[in-house]
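structure for the following, please:
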Amino acid sequence: VLKATPNQATLPPPPSCLWDGVESLSGDGKSVWLKPLNHSDFLSGTFPNGFLWGVGTSAFQTEGSWDLDGKGASVWDNFTRNRIQGMGSNTRADTASDSYALWEQDVEAAQYLGVNFYAFSLSWPRLFPDGDATGKANSKAVQHYRRLIHRIRVQGLEPVVTLFHWDSPQSLQEQFGGWKNRKMVEKFADYAAFCFTTFGRAVRYWITMHNPALVALLGYGTGAHAPGVIGDPADRFIVAHNLIRAHAAAWHIYDKQFRDQQNGQISITLGSHSVKPFTATAANVELCQKSMEAVIGWFAEPIHGSGDYPRSMRVQELIPEFTLEEKLWVRGTADFFSLAFGPDTARGVRSQGSRFGQNMTLDLRKVLVWVQKEYGDPRVLVAEGSWFSDASEGVEDTLAVYNMKTFINQVFQAVVVDQVKVFGYSAWSLVDGFEWNYGYSIRRGLFYIDFNQPPTQIVKDNGFPSDGTERDIVGRFPCDFQFGVADITQQVSVHLRPFSPQFIDPLLYRWNFSGDGTLRPVVGVRLRTRGSQCSDFLAIQRHIRLIEMTGSTHYRFDWKAVRYYHCLLEELQRKGIQTAVTLLHPSHRSPTLGLPGPLDANGGWANSSTAEAFVDYATFCYREFGSLVRLWITINEPNSLTHTYNGSAQDKEAVVRNLLLAHARAWKVYHTHYRQKQGATVSFAVRANWVEPANPFIKSHSGAVQSFMLSELGRFLDPFLGDLDHAKEYPKEDTYSECSGYSRSFHLPRFSEDERIELKGALDFIALNHFTTCLVYSLQPQSQQDYGPMYDPTWTTSKNHWPMVPSGLRRVLNWVKGRYKDSRPVVITATGIDDHSLHDDLRQRYIRSYLQEALKARELDGVDLRGFYVWNLQDHHSSHFGFFTASHLHSQPKASVALYRQIVSQRGFPDDDDDGDPMTSECEFSDRAKACWLCSGVVAEYKPLLFFGTCLTVSVSIYYYSKNVE
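Below is the predicted model of the structure:
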């Protein structure tokens, strides 16, 4: 009869296959663990019109002036003087943020943020030093709060006023024992009535209490908070009972005596944690529900629900009982649901074991959906939403920025996707303050207490509006643009040996001669045999089949068996397909990083002899395969390879030096002896992920971006394309050059004049491997690195935690253009993301959005971009980056194959109104394309993917691992 029950039709049915045995009923918050919430990625967009943005503080944490102008002592004043030990000056809030004196600056700060409301609490002992509101109020305190409320309204903000935020008068604690005594209900009711009378004409939103569960749990249970009572286990429940009664009394006073005249609303702020099942079992779902009921449900169920405590709590003998009259009196005493989500509740849950063995999370969205389903879809105000940072971070609270960004976007998803009726959000807090039993060791303010630094604006334009980088453009890539797909040896190395037993067996057989159905050799007869032919390598046609299905115009992979790949290259050439070859692709899967064992044992790239051996190896490849290759990449990701070598900065300098000279000399061999006859181009591919400043408001973080880019790209490309000047560009040992920007964490190699001449210009194009974007921040001067990495938790990420940030590709291309002008064309030689689904929605979004950014870089920014290779063709064992599943899973095409093929066939993103076939109207094709074997039915089982009537040119990029050849 008393339970508020929402419409059952709004609840999604649970998937019984996963949560067998769990029943989801209307009004039951358990449903949030029965089915994943839709759209868990970061969501762009704006909040509904009229959404309220705010910022909050509490009196004890910020006001200071603990005994000024007649203020009485609070339980926290007494507690910090007598109970908190070992924190030194952290133990008291005598001055705190000094907001009692600097209240005007607080209001100015709130106005600067552009918020709609400012939430603060009144100090009960400041207004009534003895706690008795039937007596005379402290006139100076009344004058202070009237001025504050008036200034808030003059500045165009809405005051949201809390009556009690933990700082009850010490005199009432001494006289009655505090909230253990039911007389506190009457005292609080008198105090509330005074505040409604005195300030109510200017206040439309009232909060009776802030997170009262922690008063009961930590103030009268563990003793960690004021008043520090430790004793009878029943005390916390008695205190909670009286707090609920006091709240209900205040609500009824306002409802009966003030609402008609003041037209305000009143609620109580309840704190919550977030929890998820430790494992996906019905029992753990029940424990998650029990955990929520034991914390937020403790107060929410009597007020917003049935009028009584949750059933899971009522089994405890210590829980007081409400009479039927009290249930009716308490139930519904809130005009909206006010929620606090922050570290205080999470710490309280951990200290009391209220997780019930389940995992704690920072998922505000799930809490909001739980409230929606548990309590009949109420209107919700997030009255406290933030985390904390260590005090040592000062104004560089970068992690707090991204935590707040995460929380706000979780609220946005709850509003837009889940239809939770959230009407406002308050960031906590406006200024740093006294953080209870943590003192000043942590910070939660948007403003540092000296107010010397501007705040970080997380939300502007009412949410997260999409920026220009997310707007698609129409246009096509040129006809000779390299649409590629890449792979590695381990994933294509099956069946590398020829299979032709009928030609290599010298015996002649007679079948069924004795009637037993067997083959028997004919004695004395020996047949002539032949060597293996290219047609004997059965894997070649199978592999080319997959390549052509993607529509790729280029293909890159490495090799191990020379004969096999010689046949592959010849077959590609026979089909009119140009090829590209990479000589060395280091891999962590190889214990020698792709080098022959003896070279690795002799120090690898730290030894200059490896560079000499590499040049010999490159010369062999040019001689053997040069007539079949149109593009060479000498070394894949030398910058990543450098990170695998341990040692001092000088040791890594030697590795960089040897890698650069190895490439330059291999380039020179080709340029001098083979280019005129063979006509190919030569380069090396660098890892080129982009970075953003973790906190764009901090200058040192922007410097960390430049330091990262110079370390990862500049020191490998500058020797070939830059104008190296030892006096200006090279930092001296153990120094940092501000003019060059190079990091103190590495040294540029020193080259002789002859070596510099060798390096200059020894690069035909710039090859970049770009996969993702991360954030960087500056580290302390004593650190060996200039920068540290982190990720924005609001970014869309893959299962392997790779963020998808399409704009990063365009930005890295512009960085390269800005530094090296148009000295060389650019090719994206590898890009992609892992997606473990056969439908691979994430990979489809990645390919489309990153190609969009590539097109923008060409058309809008003037980057001479010549190619785009997607990594990779096929999975090896498990599902990762491949267009196709592994061979043991029958090489099934994923959905991204059709998407990529469509983009390639259109050469990009043509206008919807553009009629005609771009392939035939603008580009010239060979007869091979017109008679494509793929289109003639060889792979009829994949007909649904063949949307277009021509096949595309494919070239090959082959990677060597060692000098060992067959």
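
now name the helix or strand holding the closest residue in space to residue 71 that isn't next to it in sequence.
Once flanking residues are discounted, residue 71 sits nearest to residue 126: 4.3 Å by CB to CB, 6 or more residues apart in numbering. (Each C-beta comes from the backbone N, C-alpha and C, glycine too.) Per DSSP states H and E, residue 126 falls inside helix 124-127.

now residue 827
Element membership for residue 827, per DSSP H and E: strand 826-831.

identify the neighbouring strands of that strand in the sheet and state each direction.
If you go by DSSP bridges, strand 826-831 pairs up with strand 766-769 (parallel), strand 865-871 (parallel).

show me what secondary structure element comes after it.
By DSSP H and E, the next helix or strand past strand 826-831 is helix 841-859.

helix, strand, or coil at the most centrally placed residue in the chain?
For the chain, the residue sitting closest to the mean C-alpha position, by CA atoms, centre = their mean, is residue 793 at 3.2 Å. The local conformation at residue 793, judged by DSSP: H, G, I helix; E, B strand; the rest coil, is coil.

coming back round to it: which outside residues touch the helix holding residue 126?
59, 63, 69, 71-74, 77, 131, 133, 137-138, 141-142, 144-145, 163-164, 167-171, 191, 194-195 (CB atoms under 8 Å, 6 or more residues apart in numbering).

please narrow those to those residing in strands.
With DSSP state E as the criterion, strands contain 163-164 from among the contacts of helix 124-127.

among the contacts of helix 124-127, name the ones in helices.
59, 77, 141-142, 144-145, 170-171, 191, 194-195 (DSSP state H).

which strand or helix spans residue 520?
Here residue 520 is assigned to strand 519-526, by DSSP H and E.

show residues contacting that strand.
Against strand 519-526 from outside (CB under 8 Å, 6+ apart): 506-511, 513-514.

how about the strands in the stretch 151-300 of the chain?
In the stretch 151-300 of the chain, the strands defined using DSSP state E, counting those that start in this stretch lie at 158-164, 205-210, 265-271, 274-276.

what does the shortest one rub up against?
The one in question is strand 274-276. Around strand 274-276, the neighbours that count as contacts under CB under 8 Å, 6+ apart are 33, 288, 291-292, 341, 355, 358-364, 366-367.

what about the residues you listed, which one has the most neighbours?
residue 292 (29 neighbours; other CB atoms under 10 Å).

how near is residue 279 to residue 287?
Note on residue 279: its distance to residue 287, by CB to CB, to the nearest Å, is 11 Å.

which one's more surrounded, the two?
residue 287 (19 against 9).

got the domain ranges for this protein?
28-464, 482-511+526-909 (the TED database).

nearest to residue 518, out of those?
domain 482-511+526-909 (7.5 Å; CB to CB).

how long is the closest one end to end?
End-to-end distance for domain 482-511+526-909: 16 Å, by CA to CA, to the nearest Å.

what of stretch 862-875?
End to end - CA to CA - stretch 862-875 spans 35 Å.

for it, list every residue counted as buried.
863-875 (16 or more other CB atoms under 10 Å).

can I get those in TSV including distance to residue 486 and pLDDT?
Shown next, in TSV, are these (distance: CB to CB, whole Å; pLDDT from 0 to 100):
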residue	distance to residue 486	pLDDT
863	21	98
864	21	98
865	17	98
866	15	96
867	11	95
868	11	96
869	5	94
870	7	95
871	5	93
872	5	90
873	7	89
874	11	91
875	13	90
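
quick one, longest helix in the protein?
helix 649-673.

show the average pLDDT along that helix.
Mean per-residue pLDDT for helix 649-673: 95.

past it, which element shows up next along the chain?
Next in line after helix 649-673, if elements are assigned by DSSP H and E, sits helix 675-678.

which element follows that following helix toward the C-terminus?
Next element after helix 675-678 (DSSP H and E): strand 681-687.

can you list the strands that that next one pairs with?
Strand 681-687 has these strand partners (DSSP bridges): strand 631-636 (parallel), strand 766-769 (parallel).

what number of residues lie near residue 675?
17.

actually, residue 681.
Based on other CB under 10 Å, the number of other residues close to residue 681 is 19.

what pLDDT is listed against the closest residue to it other than its chain neighbours?
Residue nearest to residue 681 in three dimensions, not counting chain neighbours: residue 764, with 3.8 Å by CB to CB, 6+ apart. Per-residue pLDDT puts residue 764 at 97.

correct me, but residue 764 touches residue 683?
Yes - using CB atoms under 8 Å as the test, residue 764 is close enough to residue 683 to be in contact (5.5 Å).

circling back: of the contacts of helix 124-127, keep whichever come out buried.
59, 63, 71-74, 77, 131, 133, 137-138, 141-142, 144-145, 163-164, 167-171, 191, 194-195.

residue 66 versus residue 95, what's the distance?
Distance from residue 95 to residue 66, by CB to CB: 8 Å.

same thing with residue 384?
Taking CB to CB, one finds residue 384 at 23 Å from residue 66.

same check, this time on residue 47
39 Å.

ok, now residue 615?
77 Å.

more neighbours: those two, which one.
residue 66 (23 against 20).

the more buried one is in contact with residue 98, isn't it?
No - counting by CB under 8 Å, residue 98 is not a contact partner of residue 66; they are 10.9 Å apart.

just checking, residue 860 touches residue 474?
No - taking contacts as CB under 8 Å, residue 860 lies outside contact range of residue 474: 12.0 Å.

tell me who's in contact with residue 368.
Residue 368 makes contacts with 339, 380, 382, 410-411, 414, 418, 420, 422, as judged by CB under 8 Å, 6+ apart.

those residues in helices, which ones?
Going by DSSP H, the helices hold 410-411, 414 from these.

got a PyMOL select line for the buried ones in those?
Typed into PyMOL, the line below selects the buried ones among these, using 16+ other CB under 10 Å:
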select buried, resi 410+411+414
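
so which of the ones in helices among the contacts of residue 368 comes closest to residue 789?
So of the ones in helices among the contacts of residue 368, ranked by how close each gets to residue 789 (CB to CB), first place is residue 410, at 23.7 Å.

count of neighbours near the residue nearest to the closest one when sequence neighbours are not counted?
Of all residues not flanking residue 410 in the chain, residue 365 sits nearest, at 3.8 Å (CB to CB, 6+ apart). Residues within reach of residue 365, counting by other CB under 10 Å, total 23.

roughly how far is the helix or strand where residue 365 lies from the heart of the chain?
According to DSSP H and E, residue 365 maps onto helix 364-374. In this view, helix 364-374 has its centroid 22 Å away from the chain centroid, taken as CA atoms, centre = their mean, to the nearest Å.

same thing with stretch 382-390?
From the chain centre to the centre of stretch 382-390 is a distance of 19 Å (CA atoms, centre = their mean).

begin at 48 from now on, thanks
Got it, first residue is 48 now, which makes that one stretch 429-437.

what residues does it touch?
Contact with stretch 429-437 is made by 103, 166, 207, 254, 257-258, 316, 318, 385-390, 409, 411, 415, 444, 446-447, 450-451, 454-455, 458, 469, 471-476, 482, 488-491, as judged by CB under 8 Å, 6+ apart.
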